[in-house]
Each structure stands twice: as C-alpha cells, then as structure tokens.
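J.: Generate a structure from the sequence data that follows.
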Amino acid sequence: DHPTFFPNFWNIPYGFVPGERDGLAILQFNPNTVNNMIHPPLYYLIMNLFAGVKQMGDGTYGVNIMRLRVLNIILSSSTVILAFRLGYTRMKERGPLVHALYAIAIGTLPMLAYVGASLNNDNLAYFALVIFFTGLLRYSEGKEDLKTYLLVGIGFLLGSFAKLTTALLCLIMLAVVFVMSVIRTKSLKLILNKYFLVTLPCYLLFLVYEIAVYRRY
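T.: Take a look at the predicted model:
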C-alpha cells in the first residue's frame with residue numbers, strides 16, 4: 001500500500017486475517033495492529049512486484065501467498081547453490097580456519113531451508129551475503145579487479161537494503177579487510193583505485209538512505 005523507499009512506517013497497520021477469498025490470503029486494515037517494519041524495504045518492494053495484490057474493498061487486500069513462497073524458495077535455493085559452489089571451487093587448498101568458517105556457514109543451511117519457504121527478508125540477506133563473501137574471497141586470492149569490487153559492492157548494497165544487521169555485518173568485515181590491507185601493503189591502495197571509485201555509489205546510496213531516514217524519523 002506504500003510502495004516507496006520512505007514509507008510512513010507508523011501508518012501501515014495491516015495484518016493477515018484467517019481465511020481466503022478467491023484463492024488469495026486476506027490482508028486487512030487493523031488500527032490495533034502493531035507495525036514494526038524497521039528494515040529497509042527493498043525485499044518488500046521486490047515481493048510487491050510479484051504479490052498479485054488485489055484490492056477487495058473496505059481496506060482489504062488479497063495477496064497471492066503461494067506465488068510469494070515460490071519466489072522465496074527460488075531465492076533461497078539460489079543461495080544454497082552459490083554457497084556450495086563456493087566451497088567446491090575454493091576450499092580445497094585452504095587451511096583449517098577457513099574450512100571451519102565454511103562449515104559454520106553451511107551449518108546454517110537447515111535454518112535457511114526452514115526460512116527459505118516463508119516470506120522473510122532473511123532470504124535476500126543470505127543471498128546478498130554469499131555474493132559479498134565471494135568478492136572478499138576473490139580479494140584474498142589476489143584478484144583485485146573490477147569483478148571482485150563489483151561482487152563486494154553489489155553484495156553490500158543488496159544486503160544493506162535487506163536488513164540493517166546485514167549492513168552491520170558487512171561493514172565490520174570491510175573494516176577488518178581494510179585494516180589488514182593497510183598493515184600488509186602500508187598504503188591505501190584498497191580504496192585508492194579506479195575499481196573502488198566505480199563501486200563507491202553502492203556504499204554512498206546506503207549512507208544517503210540512512211541519513212534521510214534518520215532525518216525524517
């Protein structure tokens with residue numbers, strides 16, 4: 001009902017009610033509903049494109065839940081495939097610490113399978129993190145090219161606009177990589193290059209969004 005990057009969070013008192021009509025789940029205006037939509041709305045905007053929302057009058061909407069579940073299953077399944085591809089192509093010659101990290105990541109997959117069939121912005125966050133982590137792995141392998149920077153930048157952009165906790169995780173990882181790079185190279189070449197300038201908008205967009213939301217609310 002508010003398809004914008006700056007929705008009126010306090011003015012979205014909608015909730016699902018039991019039952020269906022014409023094969024659609026019923027989403028109804030309810031002033032007693034507590035809304036806690038504190039995450040950036042990218043996931044919900046994407047879902048809105050495929051929701052098959054139908055206005056049914058009296059502040060009531062019909063939502064094609066099955067279509068949204070299928071879309072989430074596709075998103076979460078793609079994440080699983082990318083995660084296993086990462087392990088298959090990159091873990092063979094690495095030390096026990098990296099293998100342990102990968103095992104922990106793969107260990108979350110049962111939870112991902114549970115969440116992946118539901119309407120949950122974690123699905124977009126997980127997908128973004130795999131892209132982000134692929135870029136960091138390429139950098140650790142010495143592949144300091146445009147593809148590496150694009151993977152990191154796009155992964156950060158998707159993840160940060162999916163969940164703020166994902167943004168925090170990515171920022172901490174970027175800070176660690178930056179400090180290690182400065183210590184190792186004794187220079188700022190990690191960010192003083194043309195590839196970083198090309199992907200700089202990925203980080204600035206998030207910064208501008210957060211400042212705008214903070215000033216508004």
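J.: Name the SS class of the closest residue to residue 124 other than its chain neighbours, please.
T.: With sequence-adjacent residues excluded and distances taken as CB to CB, 6 or more residues apart in numbering, residue 124 is closest to residue 162, at 4.1 Å. Every C-beta, even on glycine, is put in place using the N, C-alpha and C of the backbone. Counting by DSSP: H, G, I helix; E, B strand; the rest coil, the backbone at residue 162 sits in coil.
J.: just residue 28 next, same as before
T.: strand.
J.: Could you pull out the strands in the chain for me?
T.: 14-21, 24-29, 54-57, 60-63 (DSSP state E).
J.: Could I have the CA atoms of stretch 160-179 written out in CSV?
T.: Backbone C-alpha positions of stretch 160-179 (Å, rounded to 0.1, in the frame of the first residue of the first chain) are rendered in CSV as follows:
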residue,chain,number,x,y,z
SER,A,160,22.3,-3.4,3.5
PHE,A,161,18.9,-2.6,1.8
ALA,A,162,17.6,-6.0,3.0
LYS,A,163,18.4,-5.8,6.7
LEU,A,164,20.4,-3.4,8.9
THR,A,165,22.0,-6.3,10.7
THR,A,166,23.4,-7.5,7.4
ALA,A,167,24.8,-4.0,6.7
LEU,A,168,26.5,-4.0,10.1
LEU,A,169,28.0,-7.4,9.5
CYS,A,170,29.3,-6.3,6.0
LEU,A,171,30.7,-3.1,7.5
ILE,A,172,32.6,-5.0,10.2
MET,A,173,34.0,-7.4,7.6
LEU,A,174,35.0,-4.5,5.3
ALA,A,175,36.7,-2.7,8.3
VAL,A,176,38.7,-5.8,9.1
VAL,A,177,39.8,-6.3,5.5
PHE,A,178,40.7,-2.6,5.2
VAL,A,179,42.9,-2.6,8.3
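J.: what's in contact with it?
T.: Here stretch 160-179 makes contact (CB atoms under 8 Å, 6 or more residues apart in numbering) with 38-40, 42-43, 121-122, 124-125, 128-129, 132, 136, 139, 152, 155-156, 159, 190-191, 206, 209.
J.: Take these and keep only those in helices.
T.: 42-43, 122, 124-125, 128-129, 132, 136, 139, 152, 155-156, 159, 206, 209 (DSSP state H).
J.: that older thread, buried among the contacts of stretch 160-179? Need that as a selection in ChimeraX.
T.: The ChimeraX command for the buried members of those (criterion: 16 or more other CB atoms under 10 Å) is given here:
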select :39,40,42,43,121,122,124,125,128,129,132,136,139,152,155,156,159,190,206,209
